[in-house]
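[1] Sequence and predicted structure are below.
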Amino acid sequence: MKTDCKGYLCIVLHAHLPYVRHPEHDKFLEEDWLYEAITETYIPIINVMQSLLQDNVDFRLTMSITPPLVSMFADPLLQDRYERHINGLIELAAKEITRTQWEPQLNHLAHMYHYRFTNARDVFVNHYGRNLANAFRKFQDTGKLEIITCAATHGYLPLMINETAKRAQIKIAADHYKRHFGRQARGIWLPECAYEPGLDNHLAEQGMKFFFTDTHGVLHATPRPKYGVFAPIACPSGVAAFARDVQTSKQVWSSIEGYPGDYVYRDFYRDVGYDLEYEYVQPYLHGGGNRSNLGIKYYAITGDTDHKQIYNPTWGLDRAAEHAGNFMFNREKQIEHLASIMDRQPIVVAPYDAELFGHWWFEGPDWLGFLFRKIYHDQNTIGLITPSEYLGRFSRIQVATPSMSSWGYKGYNEVWLEGSNDWIYRHLHVAADRMVELARNNAGVNGLRQRALNQAARELLLAQSSDWAFIMKTGTMVEYAVMRTKTHLLNFNSLFDQLNNGTLREGFLCELEGKNNIFPEIDYTVYS
C-alpha cells in the first residue's frame with residue numbers, strides 16, 4: 001500500500017445473488033444466475049487477481065461476498081450442477097469451432113469461448129476444489145483483498161420493524177463469515193446500501209468497524225461532514241460510514257456516459273441461444289426447451305441499430321486499457337484537488353455490483369486489471385486502499401449520524417416499498433414477530449422440535465430477501481419472485497402452527513431441510 005500518495009481510491013465490488021437451489025428439478029432456469037456469474041464474473045476476477053499476484057503488482061480490492069452466495073459456492077448439489085453446466089458450454093463451443101471453420105472472425109471467437117470455458121472449469125475444479133470461497137479467502141490472506149459480509153439473506157433492513165429480526169440478519173451473517181473465512185468480519189455491505197439511524201448499533205454489537213452508504217447518506221449526516229464524502233464519519237456507536245463518490249459511479253455505471261456502452265465492446269444481448277437454429281442449441285437449453293442465453297456472443301454493441309458488427313476482442317481490450325487510463329487520469333485530478341483543500345489524504349470510494357464486471361460488461365475484469373497495473377506502475381498520486389487500512393491510518397474521524405438512505409431509485413425506500421411489492425410486508429412483519437415468539441417460548445428444546453425451529457428461522461430469512469421485492473418492482477421474473485416469497489412464508493406459517501399445536505410432521509420437515517438448506521449451523525435462539 002502506498003503511503004506517500006496524495007489520496008486513496010477504494011474499489012468496492014458487491015457480489016450477491018439470491019439463494020436459488022431447486023433439488024426437486026433436474027434443471028432450473030433461475031439457477032443459471034449463479035452459473036453465469038461464476039463463468040463470466042467471479043472466475044475472471046479471480047484470474048485478474050492471480051495475474052496481478054504473479055506479476056508482483058501491489059493492489060487493493062474490497063469485495064462484499066454475501067452469505068447466500070457463499071452458501072451456494074459451498075453447496076455440493078450446485079457444485080455438481082455447475083460442473084455439468086460448464087461441460088455443456090465446452091461441448092457447445094467445440095461444435096461452434098467446427099460450424100464456423102469457414103468464417104475466420106467467428107471461428108476466432110469460438111476458440112476464445114472454448115478457452116474461457118475450459119479455463120473456468122480448470123479454475124473451478126482443479127484450483128479451488130469446486131468452492132470459489134476458497135479462492136477469495138486465499139486472496140484475502142495475502143492482504144490484497146478485503147472481504148466484507150452482508151446481511152444474512154440480503155434483507156432490506158430499514159423496512160424490518162422487529163429489531164430482533166434485524167439483529168438476527170446481522171448476527172447470522174457475522175457467524176457465517178467467520179465459519180467460511182476464518183476471521184471476524186470487519187465490515188459489511190448493508191443490503192441495497194440501505195441505512196437508517198440506529199442500525200449501526202447492531203453492527204457494533206458484532207464487532208464490525210465500517211459500512212457503506214450512498215452519497216446522500218453521509219452528505220446529509222447530522223452534523224454535516226467536514227470532508228463531504230471524501231473521508232468516513234463515525235456513527236455514535238463508533239462504526240464508520242464510507243460514502244459512494246458520484247463521479248466514479250457515473251463514469252462506469254451511466255448507460256449514456258459510462259464506459260460499458262462503448263460501441264467496440266461486446267454486446268450482451270446477442271447470444272447464440274437466440275440467434276442459432278433451435279434444434280442446434282436445444283440440448284443446451286433447459287428441460288422446458290425455452291430459449292435462453294448460453295454465454296456465446298459474437299457481436300459488438302456497434303450502435304443503436306439492429307445491424308451489429310462482429311466483435312473484435314483485440315479492439316475490446318485496447319479500449320478497456322484506454323478507459324482504465326482515462327479513469328485513472330480523472331481520479332488523479334480529483335485527488336490532487338481534494339488534497340489541496342483537506343488536511344488529510346482523501347479517500348474516493350467507488351462501489352459497483354460485481355456482476356457488472358464480466359457478465360454485463362464483458363471487458364470489465366480486464367479494465368479492472370489494467371487500472372490496477374496503471375495505478376501501480378504509471379503514477380504516484382493515487383494509492384489503492386481498503387476501508388480497514390484507511391481507518392488504521394486515520395483513527396480520529398468526525399462523529400456524525402448518517403441519514404436514512406439507499407442506493408435505489410430516488411435514494412430511499414421506494415424501490416422496495418411501492419405498489420407492486422407492498423403486500424409482502426404485513427406478512428413478513430407477522431412472521432418475524434412469530435419467530436421471536438417461538439424462540440422465547442421454546443428455550444432449551446432439542447430433537448425434532450429444535451430442527452423445526454431452526455428450519456422456521458431459515459424460511460423467514462429466505463422470505464426476507466430484498467431480491468424478491470426488487471424483482472417485483474423491475475418486472476423481470478416476477479412470477480418466480482412472488483412464488484419464492486409466498487412459498488417461504490407458507491412454509492414458515494405451517495411450521496409455526498405445527499410447533500404450537502404439537503403436530504410436527506417429520507416428513508414435511510425433512511423435505512424443507514433438504515430443499516432450503518441455507519445456514520446448516522443456524523441456531524434459532526438468535527431470535528430470543
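    Happy to help now that I have it. Numbering: from 1, shown residues only.
[2] what separates the residue nearest to residue 328 when sequence neighbours are not counted from residue 327, distance-wise?
    The shortest distance from residue 328 to any non-neighbouring residue, by C-beta to C-beta, 6 or more residues apart in numbering, is to residue 374 (5.1 Å). For glycine as for every other residue, the C-beta is placed from the backbone atoms N, C-alpha and C. Residue 374 sits 9 Å away from residue 327, taking C-beta to C-beta, to the nearest Å as the criterion.
[3] now swap in residue 51 and tell me
    19 Å.
[4] So which of those two has more stuff around it?
    residue 327 (21 against 13; other C-beta atoms under 10 Å).
[5] residues contacting the more buried one?
    The contact partners of residue 327, by C-beta atoms under 8 Å, 6 or more residues apart in numbering, come to 248, 251, 252, 259, 367, 371.
[6] switch the cut-off to 10 Å
    9, 248, 251, 252, 259, 350, 367, 370, 371, 374, 375 (C-beta atoms under 10 Å, 6 or more residues apart in numbering).
[7] you'd agree the first one is up against residue 385?
    Yes - counting by C-beta atoms under 10 Å, residue 9 touches residue 385, with 7.2 Å between them.
[8] what touches both of these two?
    Counting by C-beta under 10 Å, 6+ apart, the residues touching both residue 9 and residue 385 are 60, 347, 348, 349.
[9] which one of these is nearest residue 524?
    residue 349 (36.8 Å; C-beta to C-beta).
[10] Can you report how many residues neighbour that closest one?
    For residue 349, using other C-beta under 10 Å, the count is 26.
[11] now the helix or strand containing it, how far from the chain's geometric center?
    Taking DSSP states H and E as the criterion, residue 349 maps to strand 347-353. Put simply, strand 347-353 sits 14 Å off its chain's centre (C-alpha atoms, centre = their mean, to the nearest Å).
[12] Give the partner strands of that strand in its sheet and their orientations.
    strand 7-15 (parallel) (DSSP bridges).
[13] quick check, distance from the strand it pairs with to the centre of its chain.
    In terms of C-alpha atoms, centre = their mean, the centre of strand 7-15 is found 14 Å from the chain centre.
[14] For it, give the mean pLDDT please.
    Taken as a whole, strand 7-15 has a mean pLDDT of 98.
[15] Please identify the buried residues of the helix or strand of the chain with the lowest mean pLDDT?
    Ranked by mean pLDDT, DSSP states H and E, the weakest helix or strand in the chain is helix 246-253, scoring a mean of 88. Residues of helix 246-253 classed as buried under the neighbour-count rule (16 or more other C-beta atoms under 10 Å) are 248, 249, 251, 252.
[16] Identify the residues contacting the residue nearest to residue 328.
    Contacts of residue 374 by C-beta under 10 Å, 6+ apart are 321, 324, 325, 327, 328, 329, 382.
[17] what are the ranges of the strands in this structure?
    7-15, 61-65, 145-150, 187-189, 210-213, 233-234, 240-243, 347-353, 382-384 (DSSP state E).
[18] follow-up on the earlier one: going by neighbour count, which residues of the strand holding residue 349 are buried?
    347, 348, 349, 350, 351, 352.
[19] can you check stretch 195-205 too?
    Within stretch 195-205, the residues scored as buried using 16+ other C-beta under 10 Å are 195, 196, 199, 200, 201, 202, 203.
[20] so, if you compare the contacts of residue 374, which one comes nearest to residue 433?
    Nearest member of the contacts of residue 374 to residue 433, counting by C-beta to C-beta, is residue 327, at 47.8 Å.
[21] Which residue, other than its chain neighbours, is closest to residue 497?
    In space, and not counting its chain neighbours, residue 497 is closest to residue 503: 7.7 Å by C-beta to C-beta, 6+ apart.
[22] No further queries at this time; thank you.
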